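*Asks:* starting from these lines, generate the structure:
(chains A and B)
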2 protein chains.
Amino acid sequence: MAYSGLEKFFTAETVAVIGASRTAGKIGYEIMQNMCCGKFAGNIIPVNPKAEQILGEKCYQSIKKIPGQVDLAIVCVKAEEAVKVYQGCCERKVPAVVMISSGFGEIGNVELTKKLEGLIKKYPKTRLVGPNCLGVLNAVGGIDTLFLPGYRQGRPKPGNISFISQSGALGSAVLDWAAMMNYGVAKFVSYGNAMGVKEADLIDYLGEDDETKVIAVYVEGVVNGRNFFEALKRNSKKKPIIVLKGGVTNEGSKAASSHTASLAGDSAVFEAALKQSGAIKVDTLTELFDCARALAKLPKPRGNKVQIITDGGGYGVLTADWVAKYGLLLSKMDKKNLDVIKKVVPPHVVLSNPMDLTGDVNNMRYRVAVENALADKNVDMLIVILLYQVPTLTSEIVETIAELYFKWKKPMVVISVGGEFSEVHKKALEKEGVVNFTYPENAVRALKALYDYWKMHG
Amino acid sequence: MAYSGLEKFFTAETVAVIGASRTAGKIGYEIMQNMCCGKFAGNIIPVNPKAEQILGEKCYQSIKKIPGQVDLAIVCVKAEEAVKVYQGCCERKVPAVVMISSGFGEIGNVELTKKLEGLIKKYPKTRLVGPNCLGVLNAVGGIDTLFLPGYRQGRPKPGNISFISQSGALGSAVLDWAAMMNYGVAKFVSYGNAMGVKEADLIDYLGEDDETKVIAVYVEGVVNGRNFFEALKRNSKKKPIIVLKGGVTNEGSKAASSHTASLAGDSAVFEAALKQSGAIKVDTLTELFDCARALAKLPKPRGNKVQIITDGGGYGVLTADWVAKYGLLLSKMDKKNLDVIKKVVPPHVVLSNPMDLTGDVNNMRYRVAVENALADKNVDMLIVILLYQVPTLTSEIVETIAELYFKWKKPMVVISVGGEFSEVHKKALEKEGVVNFTYPENAVRALKALYDYWKMHG
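*Replies:* From the prediction side, this is the model:
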């Protein structure tokens, strides 16, 4: 299999940090710090010929001097030295090397690039992530080669979205943002110049990875388009793959070529190939994670008919607009179910789609409306809008919504509308396992991705 | 002038609350509470025939029994009673009445609606906001007729964006959100059934209001389209007006008709009229406030050429994509200015557009790049992207960016990328007066609105 040999990037038990440093702020120190003080429970071996100990760990003179097996080497010495170190890693059969070092193709250093290429070919059993990258984060096992300190660069909680990014800085900023948003991440890889492990390898690996339910990809261009799209095709049958491409316009494409030295290529061709591959294309980072969150959590919908239940008419109207704009349909609930609701709600409730429970709503009204919508065979997906400003709505709405969602196992999302008081409830609902959004357009976009994925792969 | 007589809704010194209550949770209590415990410094007079005092204020039996002038009456008794109260207000020449009470046209009560209509015509000197509304919030003077308690419904800090909303619940949720986002608001009006004061009157009033720099409008449909569009035309010359319309699709339009009982009308016709009126049309609530914030703060741009400066290549690429998608241009900086930058930055910095200061950026590098871009005659608008994850970037970047922005007075926005550490700096920059965004698409959308406004009205 194409992905064989990538396991140790995520499951290594003995990790050598080559170029480990005692000086705070240096890459070799920050990596040591993050590995030693994080969740990683294995052995960390600093390599630095000038030091005895770093952060309490015994230092070795070189990779060759380390006794026993090394599963993963993190290389953060200068480019020329890094190539020599890589040879050492290959010779002692280290299965996984993350090369943080820059100074290769991205600055036009052809000679060093060729040398490294030669070693990669000569020693196929050693796999290389990088060079010129941030490397790998495994939110579960704790492997963390990111050289940014935790206070500047948050690490997301463990989850089941894996994210690979051609751009290291973008990947790092997005992880930081995901940590703040409380989105869970399984594995993250910034693969830089992709001289060894390429997008396709990572997609193949994550396609088999049980902890990964959805693969999110940021890419500007790929060296081998055919391999990339074939990997998408192979794996999007197994799990959703969502792709954000930078450089879809001429202007962005030019910027991409000076950024990752990749030919962004013809955007229309890329888009067509992406569609054929069965992956989901998105236009923004927000969409990337909105769609990923929905696809990671929600079950398969039977169709594209959406019911909206709201306590604020205006939000119902805006959401209905987006349902139409994204080409989904508004469902027509069964009269039998509507009659059940009608019996227990006051006459000013609008029993249509959107169903407007109005500004004097209470929890009971939501309970009967949501339950009957989830039970309705004409409703494929449900959007519940909650304006928490209404004083008659009490905080137990969180448990009510979560209870019904898990009882009925139908695709359902919540739009939690408002400010700080709403955020408290939004977070509570997320914790209970219900997917939340702040704005109508994001919620509908996510359901559209859910529908599209299962239409292609159902 | 059409707006004459609206001043007292915002500047009243004596306010009567008719239907004031001693029972927490009741509308008449919450309004008393918000008026008594907020910023309002004038006289608050509760009217309730059954109480002696409410929240320490002496109660009166009826509006007629109050000695002296009443500037504003807030009516929150039942619909039938409200009409009688309104007559009392008219007879004693109260210039401004906010009628919170519902039970009129929105539930098909023709008789009461006609009665109220008759009074409105008979007493033109008394102006009515409502019925079936939340009423008025003046963030500066403290008039606050919103009946939602502060812990559920935040009030934004004073600012220079005024917001009018046909939907009360949407308006309230958006205010709550704006408070959390730390967006400043001048005046807010939820005008409900618009039987007295209509959109056009409010736009005329806010067009003259010195505290309002930008008018943001949420509307589903208007009773008198001609008046509405003429008011937009008259006032969009004076200041930017940004309009979000709910019900732009058939599905949303149907929902709107059962929500605000307004004919959302033909969306294409509305859009064409909006364009002709010189107002800015947006598609989401986020855009409404993003464009409003930019238009309230930024000076007129000389053209549509945008320079991007970033320390993360991927964000530069995505931003360049959005510049192209929104039909703006990437500027080409003067060689003279680029040479100044070239002298002081390392050779791996990409001196193009986007200008990529790269992941080892420091404050000095941003200073020289931003200053020379702002000084450049080929640059009409500047986007500065800040990934704060980079350890070499210190917090003084806030002062540096703010200093240069105020020195050069050229349209400039910042995209503050990342999580919690970034948010601290984003808030600091906002406090210094620099407009910030989290995502590229929002920043570019706002600059596009800025350019469009001045192209139409410059």
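*Asks:* does A:Ser172 really touch B:Gln389, like I thought?
*Replies:* Yes: at 5.2 Å, A:Ser172 and B:Gln389 qualify as touching, with contact defined as CB atoms under 8 Å. C-beta here means a position set from N, CA and C on the backbone, and glycine is covered the same way.
*Asks:* who touches both of the two?
*Replies:* Counting by CB atoms under 8 Å, 6 or more residues apart in numbering or on different chains, the contacts common to A:Ser172 and B:Gln389 are A:148, A:153.
*Asks:* those two: who's more crowded?
*Replies:* Between A:Ser172 and B:Gln389, counted using other CB atoms under 10 Å in any protein chain shown, the more crowded position is A:Ser172 (29 against 25).
*Asks:* the more buried one: which element?
*Replies:* In the assignment (DSSP states H and E), A:Ser172 maps to helix A:168-181.
*Asks:* dump that helix to PDB, restricted to CA.
*Replies:* Provided in PDB are the C-alpha atoms of helix A:168-181 (Å, rounded to 0.1, in the frame of the first residue of the first chain):
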ATOM      1  CA  GLY A 168       3.000  25.500   7.300                       C
ATOM      2  CA  ALA A 169       2.100  29.000   8.500                       C
ATOM      3  CA  LEU A 170      -1.400  28.700   7.400                       C
ATOM      4  CA  GLY A 171      -1.700  25.200   8.900                       C
ATOM      5  CA  SER A 172      -0.400  26.600  12.200                       C
ATOM      6  CA  ALA A 173      -2.700  29.600  12.300                       C
ATOM      7  CA  VAL A 174      -5.700  27.300  11.400                       C
ATOM      8  CA  LEU A 175      -4.800  24.900  14.200                       C
ATOM      9  CA  ASP A 176      -4.500  27.800  16.600                       C
ATOM     10  CA  TRP A 177      -7.900  29.000  15.500                       C
ATOM     11  CA  ALA A 178      -9.400  25.500  15.700                       C
ATOM     12  CA  ALA A 179      -8.100  25.200  19.300                       C
ATOM     13  CA  MET A 180      -9.900  28.500  20.100                       C
ATOM     14  CA  MET A 181     -13.100  27.400  18.400                       C
END
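*Asks:* buried residues in it, which are they?
*Replies:* Of all the residues in helix A:168-181, those buried under the rule 16 or more other CB atoms under 10 Å in any protein chain shown are A:168-180.
*Asks:* tell me how far A:Lys114 lies from chain B.
*Replies:* A:Lys114 is 21 Å from chain B, where distance means CB to the nearest CB, to the nearest Å.
*Asks:* just the CA coordinates of stretch A:395-415, formatted as CSV?
*Replies:* C-alpha atoms of stretch A:395-415 as CSV (Å, rounded to 0.1, in the frame of the first residue of the first chain):
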residue,chain,number,x,y,z
SER,A,395,-31.0,26.4,29.7
GLU,A,396,-32.4,22.9,29.8
ILE,A,397,-33.0,23.4,26.1
VAL,A,398,-29.4,22.1,25.8
GLU,A,399,-30.4,18.7,27.2
THR,A,400,-33.7,18.6,25.3
ILE,A,401,-32.0,19.2,22.0
ALA,A,402,-29.2,16.7,22.7
GLU,A,403,-31.6,14.1,23.9
LEU,A,404,-33.8,14.3,20.8
TYR,A,405,-30.8,14.3,18.4
PHE,A,406,-29.3,11.1,19.9
LYS,A,407,-32.7,9.5,20.0
TRP,A,408,-33.6,10.0,16.4
LYS,A,409,-30.1,9.9,14.7
LYS,A,410,-31.2,12.1,11.8
PRO,A,411,-28.9,14.8,10.5
MET,A,412,-29.5,17.9,12.6
VAL,A,413,-27.6,21.1,13.3
VAL,A,414,-28.2,24.0,15.5
ILE,A,415,-27.8,27.7,14.7
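*Asks:* hmm, who's touching it?
*Replies:* By CB under 8 Å, 6+ apart, the surrounding residues in contact with stretch A:395-415 are A:294, A:298-301, A:315, A:319, A:363, A:366-367, A:370-371, A:374-375, A:379-386, A:388, A:425-426, A:428-429, A:432-440, A:443, A:446-447, A:450.
*Asks:* check stretch A:248-262 too.
*Replies:* Stretch A:248-262 has contacts (CB under 8 Å, 6+ apart) with A:105-106, A:166-167, A:193, A:220-223, A:246-247, A:263-265, A:267, A:270-271, B:313-314, B:316-318, B:320-321, B:323-325, B:330, B:350, B:352-354, B:356.
*Asks:* what bits of the stretch 1-150 of chain A have low per-residue confidence?
*Replies:* Screening the stretch 1-150 of chain A residue by residue with the criterion pLDDT under 70, one finds the ranges A:1-4.
*Asks:* try 90
*Replies:* Low-confidence segments of the stretch 1-150 of chain A, defined by pLDDT under 90, span residues A:1-5, A:25, A:38, A:105-108, A:150.
*Asks:* and the closest residue to chain B within it, which of the three is it?
*Replies:* When CB to the nearest CB is the measure, the stretch 1-150 of chain A has its nearest residue to chain B at A:Leu148, with 5.1 Å between them. Recorded secondary structure, A:Leu148: coil (DSSP: H, G, I helix; E, B strand; the rest coil).
*Asks:* check contacts around the closest residue to it other than its chain neighbours.
*Replies:* Taking CB to CB, 6 or more residues apart in numbering or on different chains as the measure, A:Leu148 lies nearest to B:Gln389, with 5.1 Å between them; neighbours along the chain are not counted. With CB under 8 Å, 6+ apart as the criterion, the residues that contact B:Gln389 are A:148, A:152-153, A:169, A:172-173, A:176, B:418, B:421-422.
*Asks:* make TSV from the residues you listed and add distance to A:Ala231 to it.
*Replies:* As requested, these are arranged in TSV below (distance: CB to CB, whole Å):
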residue	distance to A:Ala231
A:Leu148	29
A:Arg152	33
A:Gln153	28
A:Ala169	24
A:Ser172	24
A:Ala173	25
A:Asp176	27
B:Gly418	30
B:Phe421	35
B:Ser422	33
